[in-house]
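Undergrad: Sequence first, then the predicted structure:
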Amino acid sequence: MSNLSSLINRFHLLKQIPVFSKLHLLDLHRIARKAIVAEYKKGDIIAKEGNPPDYFYCLVSGRIRVYTDLSEGRKEGIDFIHRGNHFGVISVLTGENHSLTYEAINDSVLLQIAVDDFRGILKTVPQLGIELSHILSQRLRRQVKGTKTIFESNIISIYSPVKGTGSSTYAIHLALRLAKETKKKVIFVSIHTENSDGRRSEADVSPWKKSAVPLSDIVGDHDLILANIIKDDLDVDLLNVSLDREDSTSLRLISPFVSSLVGNYHYVVVDLPNDMDDVVLETLTQSDAIHLMSTDSRKDLDLVRRVIDRLEIKLKDRFREEKIKIIIRSLHEKIYLSFEEIDKVLDFPVYTALPTIHSSDLIAHVTSPYFNFQHCHDKSEYTKAVTRIAREIGGVLVGLALGGGAALGLAHIGIIRVLEQEDIPIDIVVGSSMGALIGSLWAAGKNAQELEVVAREFEKQSSITKLLDPPAFPISGLVRGAAIRRWLTKHLGNRTFYSTRIPLRIVAYDLIHREELILNSGSLVDAVCKSIAIPGVIRPTQEGDRLIIDGGVLNPLPTNVLASMGIKKIIAINVLQSPEQVYVGHKMTLEQTQALESVKFTQHPWKYFSYRLLKMLGKPFNPNIADIIVRTLQATEFVIAEQSAHQADVVIHPDLAGINWFELYKVDELIKRGEDAAHKHLPAIKKLIAE
């Protein structure tokens, strides 16, 4: 049994590592059988420079410093490895000794596969070889000849084939937020294409006060390029260059130009002109990430689709869908097309939408001797959206995992309130069961105060009955779920995952295929209904050959979803009661029962009769099927949640002793206990955010 548990544990760890996450379940099982889990203490040497290859390594938790040994015991730092990354692949593939030393900075857990086993896996799982090849090629692409760097540079090109989408506004805001959120070096590069007579296109209004530098004058001379970079009062450096679109040599200038900057900056944000010419196309193909902007009209979306087609033709087998982000900039408050319709028009997934900029969002013009633009203040929805994008690019996203627990999940509201009061940034929410319900309401735009108002709909104990709609024959559940769906629709309407304020993932479980489902598209109501379908209590969702039930059954605290997405800062909220809390709650119930039993008729006749009447009426329903099922599930779910908690950096576990899973009416107490737990963990949360 212990070997089986170990195999299951390794399987789940593999799913959390990006290089393995796209593989088929059977392949993951095959790899899990060959993998081992190893623990290292802070300061332990995992692999030493000069030693022969031993394992292919994947970091599950902790941090690793990579360095090369110099003379007299000195070390030269090369890089840092974070959770979800792998190393040692070059030595494994070539058979050469390790060229670097890997040391654990913190206590770390690694998943390791022996050399011979890993080589065998590559033969039987060719998809893994393809994934590794992509990653290695990206690393080689970022190495600039003659430049030594201990950081990874990224070229991000912003382009719109449509005038008036605000692509330049987005580009400068993105550059500024990248600098602020990552604390790394960022340069904002504006490339203009001009006719041979020096004129720009008629609609091209420039925010620059200084003439653009002809790229042909500086390319190839690194020092001259650096000399033309503007060091302004802004948090980012600036470079304004121009290209003659009629000069056939312009194409050859793009690659050496953008490559010359990556050795000096972590992020190179390139703002491109609206005209789609060969120069723009070449710049896009040289980029690590492409942000394509469009309005929500079919005509403009068709233009974006043509850009994608040209990139696919140009890049051929190097085309990667994930490097292209489609950003919708609605010109009106209401989106003209739904995101699902936009997906169909583009035949390409939409990444996100930017909120409309209102006059109240703007700070006075940011002026400098070189550059002039209107800047949105930090509290505006536009800035929040761009900030989240910047944090994703910078790998500093903060993820929040909301666990299941039926009524106990109302404690999430108190924790969310504290996070809001303290301005703790949450970039993505993953919820399971009751965590999915609370998370969807929050992500859809309801703040903590509004969540509390929703919860207070059940302050009266009788209110819960409006969610109960027992079927005539309770074959697959005691509750049909139609009443729950109507209640959810009242609060979520027809919102989809695309229309959330914060990116959201919801966890459910396919009972037929024994497969975890990560829901991230379609109706929020549909997704929540699937995730809260407690087996035996609420009728499951039948969808094709899938039978979908409560996500909390096998993943009550979905930290693995965040870890598999590469989220490096994870806050988890576990509202399930520990055995100790259950014992304390049971003891409290006994004491309350004994106190009521001791009440004499002569002292409190009403209390005497009401207690005995309720006891008599409740006896046929105690214990009942629903209570037995939920208590049984929560007992096992707590054990699973405790294991999942190891994937989080901060775990908030409110003390909910004395509250039962069905007591939705204890709103004040549940929210208060959530607030208390959040305040207790605030120092750790703030430290995590600041890292």
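TA: Yep, it's here. Keep in mind that this is a model prediction, so the values were computed, not measured.
Undergrad: Name the secondary structure element that contains the nearest residue to residue 45 once chain neighbours are set aside.
TA: Distance criterion C-beta to C-beta, 6 or more residues apart in numbering; nearest residue to residue 45, sequence neighbours excluded, is residue 103 at 5.6 Å. For glycine as for every other residue, the C-beta is placed from the backbone atoms N, C-alpha and C. Using DSSP states H and E, residue 103 sits within strand 101-104.
Undergrad: elements contacting that strand?
TA: If you count contacts as 3 or more C-beta pairs under 8 Å, 6 or more residues apart in numbering; DSSP states H and E, strand 101-104 packs onto strand 45-47, strand 64-69.
Undergrad: buried ones in the longest one?
TA: It refers to strand 64-69. Using 16 or more other C-beta atoms under 10 Å as the test for burial, strand 64-69 gives 64, 66-67.
Undergrad: From those residues, pick the one nearest residue 246.
TA: residue 66 (47.5 Å; C-beta to C-beta).
Undergrad: thought the closest one was touching residue 76?
TA: No - using C-beta atoms under 8 Å, residue 66 makes no contact with residue 76, being 10.2 Å away.
Undergrad: quick one, strands of the stretch 101-250 of the chain?
TA: 101-104, 108-114, 154-159, 186-194, 213-214, 237-244 (DSSP state E, counting those that start in this stretch).
Undergrad: Export the helices and strands packed on strand 101-104 as TSV, with columns for distance to residue 423 and mean pLDDT.
TA: Shown next, in TSV, are these (distance: least, C-beta to C-beta, whole Å; pLDDT from 0 to 100):
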stretch	distance to residue 423	mean pLDDT
strand 45-47	38	93
strand 64-69	32	86
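Undergrad: These: which one's closest to residue 228?
TA: strand 64-69 (34.3 Å).
Undergrad: Give the burial count for the closest residue to residue 217 other than its chain neighbours, as a bare number.
TA: If the residues on either side of it in the chain are set aside, residue 217 comes closest to residue 224, at 7.7 Å by C-beta to C-beta, 6+ apart. By other C-beta atoms under 10 Å, the residues close to residue 224 number 13.
Undergrad: how near is residue 224 to residue 68?
TA: To residue 68, residue 224 is 33 Å away according to C-beta to C-beta, to the nearest Å.
Undergrad: How about residue 665?
TA: Shown here: residue 665 relative to residue 68, a distance of 63 Å by C-beta to C-beta.
Undergrad: Within its local environment, how many residues does the residue nearest to residue 394 when sequence neighbours are not counted see?
TA: The shortest distance from residue 394 to any non-neighbouring residue, by C-beta to C-beta, 6+ apart, is to residue 182 (3.7 Å). Neighbour count for residue 182, taken as other C-beta under 10 Å: 17.
Undergrad: any chance of the strands of the stretch 101-250 of the chain in TSV, plus distance to residue 122?
TA: Formatted as TSV, the strands of the stretch 101-250 of the chain follow (distance: least, C-beta to C-beta, whole Å):
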stretch	distance to residue 122
strand 101-104	21
strand 108-114	10
strand 154-159	28
strand 186-194	38
strand 213-214	48
strand 237-244	43
